[in-house]
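In: sequence plus the predicted model coming up.
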Amino acid sequence: MIDINLIRTNPELVKENIRKKFQDEKIKNVDKVIELDNKSRVLKQESDSLRASRNTLSSQIGNLMKEKNIDKANELKEIVRKNNEKIEAIEKELLVINEEIKSIMMTIPNIIDSSVPIGKDDSENVEIEKFGEPTIPNFEVPYNADILESFNGLDKESAGRTSGTGFYYLIGEPARIVSAMINYARDYMINQGFTYCIPPFMIRGDVVNGVMSFAEMDAMMYKIEGEDLYLIGTSEHSMIGKFKNQILKESELPITMTSYSPCFRKEIGAHGLDERGIYRVHQFEKQEMIVICKPEDSMQWYNKMWAYTVEIFRNLNIPVRTLECCSGDLADLKVKSCDVEAWSPRQKKYFEVGSCSTLGDAQARRLGIRAKGENGTYFVHTLNNTVLASTRALIAFMENNMNEDGSVNIPKALQPYLGGIERIYPKNKK
């Protein structure tokens, strides 16, 4: 949610930003906010004037009572009573208007960074840089489900019976590799100075509304029936929510944290679920990172954060690239975002394995997260980035480290987490 002062002082900038995001239907919302805000301020001024009058009259009533001028005092008391009724009515009207302003403000997109490329959707995202040489082996790399099944490592049939489509059992060595990658990613981030945390895996509705748009929430999150709780789709949400309604000391910034959690997602919409494999599923594990910092430091942290993910994947022998998200592909709260994509030797193309975003003060403004410095309090900036998501990382790992005989090499970075083994071999290669 942007600062309403920006709409008051520069509505055309806000409208132009909406156009850059190809959401022209929201332009009218800016005018509606201006109309309601003007009405709110007029009512507030009237209320303040009535309160000042009430205070003056109350003082006069006191003097009149001392002078035994009861009739005049009673006349003024009646005026005060009517003023109180007017103030009460105005306060009720202001409550309704201000709630409507807040509701509309939640739909107006954050101001994107000037460096963001303009485009309608993800097809117009822009490649920034490649890291590692993408290779195509001289043998056919199987589909991820077939690779995992060759190690007796995937059982979706049983998961279908227990949980339904979109769930899976990971078994044996593939399951160990997932745990090893998560643990390696955790230790890597701790070595970068991030504090490790295991957060709540469920959050309340007010936290959800603070960290994402309603449309995103509806598409992603599972609600616990009969309770004001949602299963998290990413631990970023509960990590940022940790600081809800807090005033932080500026000396404590930046706050840098890395968190482990399972993640739960509906995965509804055009993409659908991965019927056989594990690319798009309802449940996975993830190592995440968040940063809360001073506004002037957020872009520096943004560039550090995606670089950490790149290095982790390169240490796992996975070529990656970074892709700048265009304006139309940015979620409304985001200022700037890039995807980290891993190379798929089977598909001969890159696919998304993580996303890094800076949200400016949008989440902080919604959740009331401020810092107190020498010049007063201000809303902090929040950033988040995927360190490693288990299922997609596993696909990239198995494909890029596979040998012609179906065995998979274990990179040196991961060997300490797997008892020192250097290679795993299929159990039932077809």
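Out: Sure thing, it's come through.
In: need the residues that contact the worst-scoring helix or strand of the chain on mean pLDDT.
Out: In the chain, no helix or strand scores lower on mean pLDDT, DSSP states H and E than helix 214-220, which sits at a mean of 76. With C-beta atoms under 8 Å, 6 or more residues apart in numbering as the test, helix 214-220 has contacts from 106, 208-209, 212, 230, 233, 265-266, 268-269, 331. In short, each C-beta sits where N, CA and C put it, glycine included.
In: and the strands in the stretch 101-250 of the chain, which stretches?
Out: 126-131, 154-155, 169-170, 195-197, 202-203, 222-223, 230-231, 247-249 (DSSP state E, counting those that start in this stretch).
In: relative to Ala52, which of those is closest?
Out: Proximity to Ala52, assessed across the strands of the stretch 101-250 of the chain by C-beta to C-beta, is greatest for strand 247-249 (30.6 Å).
In: what packs against the next helix or strand after the closest one?
Out: Downstream of strand 247-249, the next assigned helix or strand under DSSP states H and E is strand 255-264. Applying 3 or more C-beta pairs under 8 Å, 6 or more residues apart in numbering; DSSP states H and E, we find strand 255-264 packed against helix 172-191, strand 195-197, helix 235-241, strand 283-293.
In: please work out which of the ones you listed is packed deepest.
Out: Most buried of these, by mean neighbour count (mean count of other C-beta atoms under 10 Å): helix 235-241, with a mean of 26.
In: what's next to it, contact-wise?
Out: For helix 235-241, contacts defined as C-beta under 8 Å, 6+ apart pick out 197, 199-201, 203, 207-208, 210-212, 232, 257, 259-261, 263, 286, 288, 290, 292, 363, 367, 369, 382, 384.
In: need the contact list for Ala396.
Out: By C-beta under 8 Å, 6+ apart, the residues touching Ala396 are 313, 316, 318, 342-344, 351, 353.
In: looking at stretch 76-91 now, give me its mean pLDDT.
Out: Mean per-residue pLDDT for stretch 76-91: 89.
In: for it, buried residues please.
Out: Buried residues in stretch 76-91, counted by 16 or more other C-beta atoms under 10 Å: 76, 80, 83, 87, 90.
In: list the buried residues of the helix or strand encompassing Gln60.
Out: Counting by DSSP H and E, the element that carries Gln60 is helix 27-66. Judged by neighbour count (16+ other C-beta under 10 Å), helix 27-66 contains these buried residues: 27, 29-30, 33-34, 36-37, 40, 43, 47, 50, 54, 57, 61, 64.
In: nearest to Asp121 among the residues you listed?
Out: Ile27 (19.4 Å).
In: quick check: the residue of the chain most remote from its centre vs Ile79, distance?
Out: Taking C-alpha atoms, centre = their mean, the residue of the chain most remote from its mean C-alpha position is Lys68, at 66.2 Å. According to C-beta to C-beta, to the nearest Å, Lys68 and Ile79 sit 20 Å apart.
In: with Tyr350 instead?
Out: 74 Å.
In: go on, Ile410?
Out: According to C-beta to C-beta, Ile410 stands 85 Å off from Ile79.
In: same question, Phe264
Out: Distance from Phe264 to Ile79, by C-beta to C-beta: 60 Å.
In: between the helix or strand that contains Asn74 and helix 27-66, how many degrees?
Out: For Asn74, the enclosing helix or strand under DSSP H and E is helix 70-105. Helix 70-105 and helix 27-66 are oriented at 160 degrees to each other (axes from the mean of the first three to the mean of the last three C-alpha atoms, to 10 degrees).
In: quick one: distance of helix 70-105 to the chain centre.
Out: Centroid separation for helix 70-105 versus its chain: 40 Å, with C-alpha atoms, centre = their mean, to the nearest Å.
In: JSON lines for the helices and strands packed on strand 255-264, including mean pLDDT and distance to Met220?
Out: Below are the helices and strands packed on strand 255-264 laid out as JSON lines (pLDDT from 0 to 100; distance: least, C-beta to C-beta, whole Å):
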{"stretch": "helix 172-191", "mean pLDDT": "98", "distance to Met220": "21"}
{"stretch": "strand 195-197", "mean pLDDT": "98", "distance to Met220": "21"}
{"stretch": "helix 235-241", "mean pLDDT": "96", "distance to Met220": "10"}
{"stretch": "strand 283-293", "mean pLDDT": "97", "distance to Met220": "13"}
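In: and Asp274, which of those is closest to it?
Out: strand 283-293 (11.3 Å).
In: CA-only coordinates of stretch 149-158 in CSV, if you can.
Out: Below are the C-alpha coordinates for stretch 149-158, written out as CSV (Å, rounded to 0.1, in the frame of the first residue of the first chain):
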residue,chain,number,x,y,z
GLU,A,149,11.3,-43.7,-9.7
SER,A,150,14.5,-45.2,-10.9
PHE,A,151,15.8,-44.7,-7.4
ASN,A,152,12.5,-46.0,-5.9
GLY,A,153,12.3,-42.4,-4.6
LEU,A,154,8.8,-41.2,-5.7
ASP,A,155,5.3,-42.6,-4.9
LYS,A,156,2.5,-40.4,-6.1
GLU,A,157,0.0,-43.3,-6.3
SER,A,158,0.0,-43.8,-2.5
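In: who's in contact with that stretch?
Out: Taking C-beta under 8 Å, 6+ apart as the rule, stretch 149-158 contacts 142, 145, 148, 167-175, 276, 278, 406, 424, 426-430.
In: pull the residues that contact the strand or helix carrying Gly354.
Out: Here Gly354, judged by DSSP H and E, is contained in strand 349-358. For strand 349-358, the external contacting residues (C-beta under 8 Å, 6+ apart) are 113, 134, 279, 298-299, 301-302, 305-306, 309, 313, 320-321, 323, 325, 331, 334-344, 381-389, 392-393, 395-396.
In: let's see 6 Å
Out: Around strand 349-358, the neighbours that count as contacts under C-beta atoms under 6 Å, 6 or more residues apart in numbering are 298, 302, 305-306, 309, 321, 334-344, 383-386, 392-393, 396.
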